[in-house]
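K.L.:
Any chance you can model this:
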Amino acid sequence: MNERPEPTSEECSLEQRISVALNDENASSAAWTKLIDEVEAAAAAADATATNLRSESLDLVSMPDIGDVHHRIVNAEMTRDRLSNIMPKLRDKLSAALYAERCERWYADCECVQARLDEAMSMFRGYPDHAQAIADTFALAAQVDTEVDRINASAPDGVHTRLKPVELQARGLDRFDRNHPSLAATVELGCWDDSSRKLWPLRHSNSLAVAVAASMIVPYHPGGSWADPDVQALRRAEIEKQQGEIAAYHERAASDQEERLNREERERFVGRAGADKASMPALKRTV
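P.N.:
So this is what the prediction gives:
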């Protein structure tokens, strides 16, 4: 005996397909939307059929014998009511499918962002080494700049060679201005474990950057007596002295820069005034 094959979705009635869909936990929102559209259309068609049959059955001329019209009306109304009654469940299924799909998209997006977060976090954890290296670079530049100042100030008469400060030389600048301020004078680097403390600018005598700068000018090593209180006190004094010299250098550089900008502005003003004055006799002769 040949068994009848399973009916396809096209051969199944709408109510059968609704029953199958309600038991499918993996149905997509697109499938639910399509099914809901079909159910709404079928319910509207059944309601229109019941209304038309009822209207026609009341006309004795056009329908002298109602026959099974009453049965057909009841069937149409029953179909309409059954389909309308199932709509809330179908809409709930659609909402659940939309939510599940939204969560799936969100988790996929979250995994991508998490990967970028891990990469950025790994780079950020390198801050202590990078910040310390920059602070040490600034401290070394400040130390060398004090020597540059000394050399420039002690040049013999007739010797016009002058050395640029480290940062100007490194950045290929002639001077600092509003568009090119000094990095060493404006950058602040906080400590990793206590960001209220600064690696740079040099504000604390126990800063490692200060210690590095100070170590460059210490002419001797205390050897095994490095922990001696007098040696430690001397080293702290040397570090504080170096810190003061560096701070004074930056203050002097800022003052020199401001004075230079003011002088250039005065020169431009005087130049414009002279040009205006030179043009006045010509205007008088014209008049």
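K.L.:
Least confident secondary structure element in the protein?
P.N.:
helix 208-215 (a mean of 46; mean pLDDT, DSSP states H and E).
K.L.:
For residue 39, give me its contacts.
P.N.:
The neighbours of residue 39, taking Cβ atoms under 8 Å, 6 or more residues apart in numbering as the test, are 14, 18, 83, 86, 87, 90. Glycine gets a C-beta too; all of them are placed from N, C-alpha and C.
K.L.:
Could you measure from it over to residue 97?
P.N.:
15 Å (Cβ to Cβ, to the nearest Å).
K.L.:
Over to residue 70?
P.N.:
Separation of residue 70 from residue 97 (Cβ to Cβ): 40 Å.
K.L.:
average model confidence for the helix or strand containing residue 87?
P.N.:
Residue 87 is part of helix 69-124, with elements assigned from DSSP states H and E. Averaged over helix 69-124, pLDDT sits at 94.
K.L.:
right, and the helix or strand after it?
P.N.:
helix 127-153.
K.L.:
so what secondary structure elements neighbour the helix or strand following that next one?
P.N.:
Going down the chain from helix 127-153, the next helix or strand is helix 166-171, by DSSP H and E. Taking 3 or more Cβ pairs under 8 Å, 6 or more residues apart in numbering; DSSP states H and E as contact, the helices and strands that helix 166-171 lies on are helix 127-153.
K.L.:
burial count for residue 71?
P.N.:
11 (other Cβ atoms under 10 Å).
K.L.:
do the one 4 residues further on as well
P.N.:
Using other Cβ under 10 Å, residue 75 has 15 neighbouring residues.
K.L.:
shaky segments in the chain?
P.N.:
Applying pLDDT under 70 to the chain picks out residues 1-12, 59-64, 203-233, 235-240, 242-250, 253-254, 256-257, 260-261, 264, 271-287.
K.L.:
For stretch 40-47, buried residues please.
P.N.:
For stretch 40-47, burial by neighbour count (16 or more other Cβ atoms under 10 Å) applies to 42, 43, 46, 47.
K.L.:
host element of the last one?
P.N.:
So that's residue 47. Residue 47 belongs to helix 29-57, assigned by DSSP H and E.
K.L.:
before we move on, the earlier item: now for the contacts of residue 39, which pair is the farthest apart?
P.N.:
Farthest apart among the contacts of residue 39 by Cβ to Cβ are 14 and 87. That separation is 12.6 Å.
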